[in-house]
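Chemist: quick one, structure for this:
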Amino acid sequence: MANRHIPRVALAATLATAMLVAGCSSDDSDGAPNGDTIVLGTAIPLTSDSLTQPQLKAALEASVKAVNADGGIAGKQVELKVCDTQYSVNQELGCTRELVSAKVSAIVTPTIIADQSGAEYELTSRAGIPVVGTGGLTPADFNTEGVFPIGPGIPGWVEGAIEHLLSTGSKKIALVATAGEAGSEFAQSLAVEALKKAGVKPVATVRQDTDADPTFAAAAAEATADGVDGIFLATSPALTPKAVLALRQGGYDGAISSITVTFGPAILEALGKNAEGLLLTSQGALIADEENAEIKAMLAAMDKYAPDAEIDELTVWAWSTIQLLKNVMEDSDDTSSAAIMEAFKSLTSVEVGSIGPFGQPKSPPYVESFPRIYNPTVFNGVVKDGITVPDGRGAVNPFEELAAYSN
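Modeler: Coordinates of the predicted model:
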C-alpha cells in the first residue's frame, strides 16, 4: 500500500496567496452533458507551496473509472473536469466560475478553504449546481443550500473524539488547544459544548502559548493535574508530536483522543511507541478496516487505476462521493444538475459503506450553527503498531451518543 499522508487542513481551515490563472482539464471538450455522459467537476489545489492534494484528484478519477466500468451513473458514462485552485482565494472562486460556466451536473469533493467567505457556494447555489462531498471544513459547507458535505465536518470530528473518550472509560477530561490558532481554539470550544451535552464538565481547559512554552511541558503538566484520565488534543498537526511527547514524558499514561486529519502516518511514525493507544476519529471508514467491503473496493480500484497515489482520509471522501452519486441517481433517467439537486434534497437515506448513512438533516439540528449535516456519523480507531485500526463499532452518531450520556 502507498505511503499514506493525510493533508493537514481541518484545524487550519481559516488559513488563506492569490493567483489568477485557471487550469481545468478533462477529456470532455466543452463540459456540457449530452445524452450519453454526465459531466462532473472538482476544484482542488494541485500546485501550491502551502497545500496540494494530488491524492484527491487520483481518488476521484479512480472512482469515476470504477463507476464507468460498472455501467456509469444512471447508465451514463462519467467525465470529470478538474480545476487547480492553487490554494488561493481568487483561484477557488475562478475555478467555481469555470465549472459553473461549463454547466457541470455537479461539483464533487472540492477543497474550498482558502476563501472562508462562502462566495463559491453562493455562486453554485444561484446557478442551481449541487456541490456533493465537501469535507465540512467551513461553516459555509453547512449553511448553503445545495451543498451536501460528505460527513459531519469539524463538529462531528470533535464530538466523535469526545464520545470516544467517554465510551472507553474516561471520566476526568482535559481539553488542550494552542493559543492564537483559530482552528485549534474553535475545536476546543466545540469540545466544551460536546462535554456539556453529555453532562460532563472538563477538568481543565488548557491553551498552550507556543512562545512561553515551546516544549509543551507546562501545558502538559497543567492538563494532567487533578487525576485527569482523558485528554482531547486540538493542537495543529505541527504541534501534535510535541504535545504527545510532552504528555508521555511527563508521566501521563491515560487516554489521548484527537482526529485522524491531525495525525497523519508521518506523525504516527515519528512518534513511534508514543503513538500507541491514541484514539482517533475519522469522517470516513478507516483504511485499515479489512472487514469493510467498500474500503476493499476502493483500495482495489486505487491499486488498479492510481497505484502510486497516496491513500488517506481524503481518498475515502472522494471515492465515497462518486459512489454516493451513483447510488442516489441509480433509478433516475435525468442526470442534469436540477435532477441531482432535487434527488439529494428529497432522499430519505442511502448507504455507502465507506461513510455512514446519508439522509436528511435533523431538525432541530444537532449543532445550531451547522444545520445541514446530511451524514452525522464518524468512525473511531485506535493506533496499534503505527496504524489506526477500527474499534469495531462501525459508523457512530456522536451527537446522539453524547446526548444519551446525560439521560
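Chemist: chain neighbours aside, what residue packs nearest to Ile129?
Modeler: In this structure, Ile129 finds its nearest non-sequential neighbour in Ser337, 4.7 Å apart by CB to CB, 6 or more residues apart in numbering. Placement of C-beta: from N, CA and C, glycine included.
Chemist: just to check, Ala293 is in contact with Glu351?
Modeler: No: counting by CB atoms under 8 Å, Ala293 sits too far from Glu351 to count as a contact (11.2 Å).
Chemist: so between the two, which is more surrounded?
Modeler: Glu351 (14 against 11; other CB atoms under 10 Å).
Chemist: from Leu286, how far off is the nearest residue to the more buried one once chain neighbours are set aside?
Modeler: In this structure, Glu351 finds its nearest non-sequential neighbour in Pro357, 5.8 Å apart by CB to CB, 6+ apart. Pro357 sits at a distance of 17 Å from Leu286 (criterion: CB to CB, to the nearest Å).
Chemist: these two: which is more packed in?
Modeler: Between Pro357 and Leu286, Leu286 has the larger neighbour count (other CB under 10 Å), namely 23 against 15.
Chemist: need the contact list for that one.
Modeler: With contact set as CB atoms under 8 Å, 6 or more residues apart in numbering, Leu286 has these partners: Thr260, Ile295, Phe379, Gly381, Thr388, Val389, Pro390.
Chemist: please repeat the previous calculation with a cut-off of 10 Å.
Modeler: Leu286 sits next to 260, 280, 292, 295, 313, 316, 354, 379-382, 387-391 when contact means CB atoms under 10 Å, 6 or more residues apart in numbering.
Chemist: the residues you listed in helices, which ones?
Modeler: Ile295, Glu313, Val316 (DSSP state H).
Chemist: any chance of these in a markdown table, plus pLDDT?
Modeler: Compiled in a markdown table, the ones in helices among the contacts of Leu286 are given as follows (pLDDT from 0 to 100):
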| residue | pLDDT |
| --- | --- |
| Ile295 | 97 |
| Glu313 | 92 |
| Val316 | 96 |
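Chemist: coming back round to it: can you flag the buried ones in the contacts of Leu286?
Modeler: Buried members of these, scored by 16 or more other CB atoms under 10 Å, are 260, 280, 292, 295, 313, 316, 354, 379-382, 388-391.
Chemist: show me where the stretch 301-407 of the chain has its strands.
Modeler: 349-350, 358-359, 379-384, 387-390 (DSSP state E, counting those that start in this stretch).
Chemist: JSON lines for the ones you listed, including distance to Ala74 and mean pLDDT?
Modeler: Shown next, in JSON lines, are those (distance: least, CB to CB, whole Å; pLDDT from 0 to 100):
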{"stretch": "strand 349-350", "distance to Ala74": "14", "mean pLDDT": "94"}
{"stretch": "strand 358-359", "distance to Ala74": "17", "mean pLDDT": "95"}
{"stretch": "strand 379-384", "distance to Ala74": "29", "mean pLDDT": "98"}
{"stretch": "strand 387-390", "distance to Ala74": "32", "mean pLDDT": "96"}
